[in-house]
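Q: I'll drop the sequence and a predicted model, then ask my questions.
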Amino acid sequence: MNFDLLNEWQRLWEHPEARKWLNECTTYNEKLAFQMPKSANFNKVFLLEQLDLRDKAKKKLPSWNHPQMLFSRIPLEQCTSEALAMWKKKHFSGGFLIDLTGGMGVDFWALSGSFQKSWVFEQNEERAHLLRHNLALLGREHVSVFPQSAEAEELPNCDLIYVDPDRRVTDQRTFTLEDSEPKVFTLLPLWLQKAKTVVVKASPMIPLQESMLRFPLAPKTVIALGDATELKEILFVFETQPEAPTEYLVVAKDWDETQPMNFSEGAEGRFLWDPHPGHHKLGTAQKIATKFGGMPENDGGHYFAFSLFFPLPGTFHEQVWENRFKEKELKEWMKEKGVTRLQIRCRQFFHSPEEIAKKWKISSGGDYYLWCYQKNGQPWLSVTKYPRF
């Protein structure tokens, strides 16, 4: 294959004027195209694209900020964030790592920092060469990049096999492992003959229970991985050990259930907890609420009431007013408190936030939240704000 991306990059980097832009330009904006001289005899479109992609990567991959770093748009859009990849580096370690699905290589880059030897397979040759280029800039010298697919039977024994199945094998993006490559449900037993641990990364939209039934053996752990308020990915961790009940854990910013966690009691009051999407996905919200003394607040078990504040993942609000679903009472409270705007949240309710805002003429925004839900079979309203202690 002709590696056009790398060849074009080499020509760009060897051009003194283009190299000056790559070294000195730290922020991308559309006006850059007009600042480059018309007489410039380098590929300005390609240079601007790389500056644009580098700018997009700053927040997602801060350690990848290097003037010679090379990006491709789709792999950059699909890759995990550096923060999540570095959590995996802390959680998994050993002597020999094999990554079967390199892609942009962010997970491999992070994980390989915790292993003595690391291999990565990427069947797209151009992406494999791009990955080798970037890993060299990042100082990964003990790694091997193979521009080919990995045959399970030919893999050597190792400590960890990491797999992030390609969900774009057709024109339609899928959220299931069944329609992704490689075929996890078929190959998992073979991988476990080669590795002590197998980690399968999946979309946060994956049908969890359906997938659990399709695995040839139960995972040791299912980890919902995300940032402060959003679920980003699901990790299925398999190990070659006697079967035991699967453990379901959430990792979200400062909340890491894979580690021992204890919180002291906080301030007293009335609080409403909207659990992190990871807890909703794994079905563990009730378990966490019970552990810290919370009670279901709505009929669907989506929100929980507390008399003490705890820094639980998701959003933990101070409850300042509640009543039946009546516009008059709400408007009277808003007038009394001088509140002119509300951020409206609904869960399994017969009106959407937009419908309520339009019908009751409520402007969106401000420091207060209006929660609409069913409580004891009745439509209910609750107004909250972020606590300030």
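A: The structure has been received and is ready for your questions. Numbers count the residues shown, from 1 in each chain.
Q: please make it C-alpha for all contacts and neighbour counts, starting now.
A: Fine.
Q: remind me what the worst-scoring helix or strand of the chain on mean pLDDT packs against, helices and strands.
A: Least confident helix or strand, the chain: helix 32-35 with a mean of 77, by mean pLDDT, DSSP states H and E. Packing contacts for helix 32-35, counted by 3 or more C-alpha pairs under 8 Å, 6 or more residues apart in numbering; DSSP states H and E, involve helix 44-60.
Q: okay, the helix it packs on in CSV with CA atoms only?
A: C-alpha atoms of helix 44-60 as CSV (Å, rounded to 0.1, in the frame of the first residue of the first chain):
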residue,chain,number,x,y,z
LYS,A,44,-1.7,24.2,2.8
VAL,A,45,-5.0,22.2,3.0
PHE,A,46,-3.2,19.3,4.6
LEU,A,47,-1.3,21.6,6.9
LEU,A,48,-4.5,23.3,8.0
GLU,A,49,-6.2,20.0,8.6
GLN,A,50,-3.3,18.8,10.9
LEU,A,51,-3.4,22.1,12.8
ASP,A,52,-7.1,21.7,13.2
LEU,A,53,-6.8,18.1,14.4
ARG,A,54,-4.0,19.0,16.8
ASP,A,55,-6.2,21.7,18.3
LYS,A,56,-9.0,19.2,18.8
ALA,A,57,-6.6,16.7,20.4
LYS,A,58,-5.4,19.2,23.0
LYS,A,59,-8.1,18.6,25.6
LYS,A,60,-8.6,15.0,24.8
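Q: contact partners of the longest strand anywhere in the chain?
A: The strand spanning the most residues in the chain, taking DSSP state E as the definition, is strand 363-375. Strand 363-375 has contacts (C-alpha atoms under 8 Å, 6 or more residues apart in numbering) with 297-300, 325, 340-349, 357, 379-386.
Q: ChimeraX command for the buried members of these?
A: To isolate the buried members of the contacts of strand 363-375 in ChimeraX, using 16 or more other C-alpha atoms under 10 Å:
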select :297,298,325,341,342,343,344,345,346,347,357,379,380,381,382,383,384,385
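Q: can you flag which of the contacts of strand 363-375 belong to strands?
A: Per DSSP E, the subset of these in strands is 341-346, 379-385.
Q: quick one, domains of this protein?
A: For the chain, automatic domain parsing gives the domain ranges 4-71, 77-255, 268-385.
Q: can you add distance to residue 261 and give these back as JSON lines?
A: Formatted as JSON lines, the domains of the chain follow (distance: least, C-alpha to C-alpha, whole Å):
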{"stretch": "domain 4-71", "distance to residue 261": "28"}
{"stretch": "domain 77-255", "distance to residue 261": "8"}
{"stretch": "domain 268-385", "distance to residue 261": "11"}
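Q: mean pLDDT lowest for which of the ones you listed?
A: The weakest mean pLDDT among these belongs to domain 4-71, with a mean of 88.
Q: can you get me the start-to-end distance on that domain?
A: This stretch, domain 4-71, spans 13 Å end to end (C-alpha to C-alpha, to the nearest Å).
Q: quick one, what contacts residue 182?
A: Residues near residue 182 by C-alpha under 8 Å, 6+ apart: 165-166.
Q: okay, it and residue 335: tell me how far apart.
A: Distance of residue 182 to residue 335, computed by C-alpha to C-alpha: 59 Å.
Q: rewinding a little: redo the ones in strands among the contacts of strand 363-375 as CSV? Include distance to residue 260.
A: Shown next, in CSV, are these (distance: C-alpha to C-alpha, whole Å):
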residue, distance to residue 260
341, 40
342, 37
343, 35
344, 35
345, 32
346, 33
379, 39
380, 37
381, 36
382, 33
383, 33
384, 30
385, 30
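Q: of these, closest to residue 17?
A: residue 343 (50.4 Å; C-alpha to C-alpha).
Q: spit out the contact partners of the closest one.
A: Counting by C-alpha under 8 Å, 6+ apart, residue 343 has contacts 364-370.
Q: pretty sure residue 70 contacts residue 132?
A: No. Look at residue 70 against residue 132 with C-alpha atoms under 8 Å: they stay out of range, at 10.5 Å.
Q: quick check: which element contains the residue most central in space within the chain?
A: For the chain, residue 232 is the residue whose C-alpha lies nearest the centre (C-alpha atoms, centre = their mean; 2.2 Å). For residue 232, the element it lies in under DSSP states H and E is strand 231-239.
Q: packing partners for that strand?
A: strand 195-202, strand 221-226.
Q: tell me the angle of the shortest one relative to strand 195-202?
A: If I follow you right, that is strand 221-226. Angle of strand 221-226 versus strand 195-202, following axes from the mean of the first three to the mean of the last three C-alpha atoms, to 10 degrees, is 40 degrees.
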